[in-house]
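Novice: sharing a model prediction with you, sequence too.
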Amino acid sequence: GHREDAMSDLEMTEEDYAWITDELMAIARRHANGRVVSVLEGGYDFSSLGRSVAAHVRSMISE
């Protein structure tokens with residue numbers, strides 16, 4: 001969960017989500033021919049959710 005989401009204690013930022021996605025994509029390139037299935041769920045702060053989803057998708061398509 002994002003630090004702006006009152007329902008979360010994780011304190012993540014959209015940069016954290018981008019970093020996680022970058023790492024996931026690197027693993028997928030090595031072990032799954034770059035294939036990834038992405039399912040997004042949750043989030044109660046729509047502003048931070050939108051920014052986090054955008055960061056995630058940008059990381060996926062920058063490959």
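Specialist: Received, thanks.

Novice: neighbouring contacts of the lengthiest helix in the chain?
Specialist: Longest helix of the chain, by residue count under DSSP state H: helix 14-31. With contact meaning Cβ atoms under 8 Å, 6 or more residues apart in numbering, helix 14-31 is reached by 2, 34-36, 48, 51-52, 54-56, 58-60, 63. Glycine gets a C-beta too; all of them are placed from N, C-alpha and C.

Novice: which of those are buried?
Specialist: 2, 48, 51-52, 55-56, 59-60 (16 or more other Cβ atoms under 10 Å).

Novice: for residue 30, see how far away residue 55 is.
Specialist: 22 Å (Cβ to Cβ, to the nearest Å).

Novice: next: residue 37.
Specialist: 17 Å.

Novice: ok, residue 35 to residue 29 distance?
Specialist: Counting by Cβ to Cβ - residue 35 and residue 29 are separated by 9 Å.

Novice: oh, that last question was meant for residue 42, not what I typed.
Specialist: Residue 42 is 27 Å from residue 29, by Cβ to Cβ.
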